[in-house]
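In: Predicted model follows, preceded by the sequence.
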Amino acid sequence: MKKWITKLTAAVLTVGLLASCGGGTTNTTAKPVDGTTTQSGTSDVKLTVSIWDENQRAGLQQIVDDFTAKTGIEADIQVVTWENYWTTLSAGASGGELPDVFWMHSNEAQKYMQNAMLLDLTDRIAASDVVDMTKYPEDISVLYNEGGKQFAIPKDIDTIAIWYNKALFDKAGVAYPDDTWEWTDFYENAKKLHDPDNGVYGVALAPDNNQAGYYNTIYSYGGYVINDDKTKSGYDDPKTVEAMELYAKIVTECNPPIEVLTENKEDGLFTAGKAAMILQGSWMLAAYLGNDYTLENADIAPLPKVGDKRVSIYNGLGWVAAANTEYPEEAWKLIEYFGSKEAQEKQAQLGVTMSAYEGTSEAWAKSTDVFNLDAYLQMMDDMVIRPYSRNTIVWENRSHEYMKEVWMGDKDMKTALTELAAEMNTMLADE
């Protein structure tokens with residue numbers, strides 16, 4: 001067992017799993033939640049809900065308001081930035097002060113499931129008239145299942161596409177990207193758009209943005225990051241190397257200097273009109289709808305292909321509850337509602353993000369006509385679940401370090417991949 005897990009478990013056992021993470025008292029006799037299995041009534045419970053994306057707060061608040069109107073149970077949505085989210089949760093887990101309900105990511109789920117930090121939802125799901133796990137992508141549901149127990153209800157699903165700056169394309173006389181583009185076309189056109197003397201870059205691609213970035217290139221070339229058994233790295237596979245050597249050319253010839261990228265981030269450069277193209281997930285819709293520059297100048301195209309193969313990595317967050325919440329039934333009611341067809345459809349219709357519930361993606365694509373959201377739907381034709389293992393974060397963090405060396409010109413891509421694969425194989429053997 002890894003040191004982090006051992007320390008976390010010891011700290012939690014010291015405090016006790018019954019420590020409170022909510023406030024107030026309960027008097028539950030509620031109004032029925034449409035289609036749920038709960039009893040209705042009034043309640044003075046106020047649940048804490050933690051997320052990391054401010055852009056999703058407004059839409060989720062509307063869904064919470066619907067839930068409160070049906071049940072009398074209130075919920076306070078608190079946003080903690082991605083940079084601080086996991087540190088805050090880790091501290092909360094050690095101190096017995098986790099939020100009642102919160103977002104879980106596939107990279108972190110194993111730590112929390114293995115250490116009994118999350119409320120087991122298995123029996124509640126089985127008794128629910130609302131939650132049907134067959135309505136969500138199986139690959140996403142499995143991410144939050146440990147030892148046959150289900151700890152999360154899928155919140156969403158995401159795919160990746162190209163965001164491009166129409167004004168910069170027009171100025172350079174380059175045709176907008178479309179579904180005929182291959183990854184080599186992406187590279188050649190990025191070179192044409194690259195004008196660093198005038199502060200314009202063909203692309204903005206960060207070394208740690210694997211899900212929206214190079215993972216898609218790898219799988220489109222027929223390579224892989226980790227095998228199906230989670231026992232072997234694919235970073236030294238010849239097809240992976242071929243894909244990543246092209247990606248390295250894009251990065252070294254068409255990307256901002258690493259210091260510019262570090263200071264401004266991909267999205268900052270794109271929304272400032274300094275990057276002609278970025279690769280981003282469907283979760284960014286709300287942010288770009290709220291930005292005047294992107295509203296005026298941006299649009300979306302599907303990812304490039306290799307021959308007939310066009311692959312998008314996909315992932316999905318999960319709604320979880322703290323194992324030691326003072327209000328397990330109320331927390332479950334909220335998670336059950338978040339996972340209901342009604343709430344999932346509303347999440348899609350509001351443009352919050354693509355919902356996990358089957359048949360809701362079209363509603364998300366129709367939530368605005370400002371951008372070509374159909375590009376994201378097109379990417380659902382060939383998807384690969386985000387590469388993971390029992391301890392993803394260990395080898396993934398190491399991959400970020402290797403990619404940064406390549407981005408800075410300190411190491412060639414093939415050497416980096418060979419060394420990374422060897423280290424990753426050792427890490428996988430230790431899981």
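Out: Here it is on my side, so go on.

In: can you pull out the strands in the stretch 151-300 of the chain?
Out: 153-154, 160-165, 277-281, 298-301 (DSSP state E, counting those that start in this stretch).

In: lowest average confidence, helix or strand, in the chain?
Out: Ranked by mean pLDDT, DSSP states H and E, the weakest helix or strand in the chain is helix 3-15, scoring a mean of 36.

In: can you redo the strands of the stretch 151-300 of the chain as TSV with distance to residue 237 and mean pLDDT?
Out: Bear in mind the C-beta positions are built from the backbone N, C-alpha and C, glycine included. Shown next, in TSV, are the strands of the stretch 151-300 of the chain (distance: least, Cβ to Cβ, whole Å; pLDDT from 0 to 100):
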stretch	distance to residue 237	mean pLDDT
strand 153-154	30	99
strand 160-165	21	99
strand 277-281	21	99
strand 298-301	28	99
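
In: Of those strands, which is nearest residue 332?
Out: Residue 332 lies closest, by Cβ to Cβ, to one member of the strands of the stretch 151-300 of the chain: strand 153-154, at 9.6 Å.

In: circling back: name the residues of the helix or strand that the least confident helix or strand of the chain is followed by that are buried.
Out: The first helix or strand that comes after helix 3-15 along the chain, using DSSP states H and E, is strand 46-51. For strand 46-51, a neighbour-count test (16 or more other Cβ atoms under 10 Å) marks 46, 47, 48, 49, 50, 51 as buried.

In: hmm, who's touching strand 46-51?
Out: By Cβ atoms under 8 Å, 6 or more residues apart in numbering, the residues outside strand 46-51 that reach it are 21-24, 57, 60, 64, 73-80, 85, 88-89, 99-103, 327, 330-331, 334.

In: In helices, which of the residues you listed appear?
Out: 57, 60, 64, 85, 88, 89, 330, 331, 334 (DSSP state H).

In: Now neighbour count, pLDDT and distance to residue 175 too, for these, in TSV please.
Out: Shown next, in TSV, are the ones in helices among the contacts of strand 46-51 (neighbours: other Cβ atoms under 10 Å; pLDDT from 0 to 100; distance: Cβ to Cβ, whole Å):
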residue	neighbour count	pLDDT	distance to residue 175
57	16	98	38
60	23	99	38
64	23	99	44
85	19	98	40
88	18	97	45
89	24	97	45
330	27	99	54
331	29	99	51
334	27	99	48
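
In: how does the chain divide into domains?
Out: Per the record, the chain has its domains at 3-157+316-357, 160-314+381-429, by automatic domain parsing.

In: can you tell me which of the ones you listed the model trusts least?
Out: Mean pLDDT is lowest for domain 3-157+316-357 among the domains of the chain, at a mean of 85.

In: need the helices for the stretch 201-350 of the chain, in chain order.
Out: 215-220, 238-254, 258-271, 285-289, 292-297, 328-338, 341-349 (DSSP state H, counting those that start in this stretch).

In: rewinding a little: using JSON lines, please lay out the domains of the chain together with distance to residue 363.
Out: As requested, the domains of the chain are arranged in JSON lines below (distance: least, Cβ to Cβ, whole Å):
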{"stretch": "domain 3-157+316-357", "distance to residue 363": "4"}
{"stretch": "domain 160-314+381-429", "distance to residue 363": "13"}
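
In: Give me the distance between the two termini of stretch 315-331.
Out: 24 Å (Cα to Cα, to the nearest Å).

In: Just give me how far it sits from the chain centre.
Out: Mean C-alpha position of stretch 315-331 versus that of the full chain (Cα atoms, centre = their mean, to the nearest Å) differs by 18 Å.

In: and it, which residues are buried?
Out: 315-328, 330-331.

In: Check stretch 377-387 too.
Out: Judged by neighbour count using 16+ other Cβ under 10 Å, the buried positions of stretch 377-387 are 377, 378, 379, 382, 383, 384, 385, 386, 387.

In: how close does the fifth one get to residue 264?
Out: Pointing back at residue 383 there. Per Cβ to Cβ, to the nearest Å, residue 383 is found 30 Å from residue 264.

In: repeat for the first one
Out: Between residue 377 and residue 264 the distance, using Cβ to Cβ, works out to 30 Å.

In: just the fourth one next, same as before
Out: Distance, residue 382 to residue 264, using Cβ to Cβ: 32 Å.

In: cool, and the third one?
Out: Taking Cβ to Cβ as the measure, residue 379 falls 26 Å from residue 264.

In: repeat for residue 326
Out: Noted for residue 326: a distance of 43 Å to residue 264, by Cβ to Cβ.
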